[in-house]
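Asker: Sequence first, then the predicted structure:
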Amino acid sequence: MRLVRRAVSRRSHYHGRISFSGEARMSNRLEPEPIPRRDFLGMASMWSAGIAVLGSAIGMARLAKPSVLPEASKRFRVGKVSEFKPGIVKVIAEQNVRVVCSSQGVAAMSLICTHLGCVVDKTEAGFKCPCHGSIFDETGKVLGGPAPRGLLWLSVSLAADGSLVVDKGKEVPEGQFFEIT
């Protein structure tokens, strides 16, 4: 202890240097102590576990809020029964549906091509797809082009208030009319 006291009392004026029996040493108080491997691995595993728990918590919090918006209803009203007399054709452009009234009743046909989903255009002979040239007759049968099948016929029903309702989610056989009584 005396030796240390003498060395400390004889130290030079340079900051951080202490002379011991004539030799100069740097103080290693600024150098961090090496971390043992076992301690390092323990801390690394704790950090990894913490990040995993945090990631799981964020994932579970996102489950509470759906990432998709609710889909619009596939059912829509096309008008009152009294508006539909034989020979009336009504195109509902925002729904891409054509409603036809004949002596057999009322029918609805989708105006979406069955090939790739393009909206068909009306022609003198029927319909034509502007995307790839599929041709359909007035009833939606394929006359030519790459379309795999005819235009879809959709379900028509009567609502409680007397309106006709078309359901785009429900397909019916070609030529099926809803009878108006």
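Answerer: Everything's here; your move. Numbers count the residues shown, from 1 in each chain.

Asker: Let's see the longest strand seen in the chain as PDB, backbone CA atoms only.
Answerer: Secondary structure of the chain per DSSP state E: the longest strand is strand 163-172. Output in PDB follows, covering the C-alpha atoms of strand 163-172 (Å, rounded to 0.1, in the frame of the first residue of the first chain):
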ATOM      1  CA  SER A 163     -89.100  -3.500 -57.100                       C
ATOM      2  CA  LEU A 164     -87.200  -5.900 -59.300                       C
ATOM      3  CA  VAL A 165     -83.900  -7.000 -57.700                       C
ATOM      4  CA  VAL A 166     -80.900  -8.400 -59.700                       C
ATOM      5  CA  ASP A 167     -78.400 -10.500 -57.900                       C
ATOM      6  CA  LYS A 168     -75.000 -10.400 -59.600                       C
ATOM      7  CA  GLY A 169     -73.800 -13.100 -57.200                       C
ATOM      8  CA  LYS A 170     -76.300 -15.700 -58.400                       C
ATOM      9  CA  GLU A 171     -76.200 -17.100 -61.900                       C
ATOM     10  CA  VAL A 172     -79.200 -18.700 -63.600                       C
END
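
Asker: What ranges in this structure fall below the confidence cut-off?
Answerer: The chain contains residues with pLDDT under 70 at 1-28, 66-72, 181.

Asker: care to break it down by domain?
Answerer: Here the domain parsing of the chain from automatic domain parsing is 2-63, 76-172.

Asker: Compute the first-to-last residue distance for stretch 112-125.
Answerer: End-to-end distance for stretch 112-125: 17 Å, by CA to CA, to the nearest Å.

Asker: List the contacts of it.
Answerer: Stretch 112-125 has contacts (CB atoms under 8 Å, 6 or more residues apart in numbering) with 96, 111, 127-132, 134-138, 143, 145-152. Every residue, glycine included, has its C-beta placed from N, CA and C.

Asker: Kindly report the same for stretch 144-161.
Answerer: By CB under 8 Å, 6+ apart, stretch 144-161 touches 77, 81, 97, 99, 106-115, 120, 127, 129, 132-136, 139-142, 164-168, 170-178.

Asker: Buried subset of these as a PyMOL selection?
Answerer: Buried members of the contacts of stretch 144-161, defined by 16 or more other CB atoms under 10 Å, are picked up in PyMOL with:
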select buried, resi 81+97+99+106+107+108+109+110+111+112+113+114+115+120+127+129+134+135+136+140+142+164+165+166+167+168+172+177+178
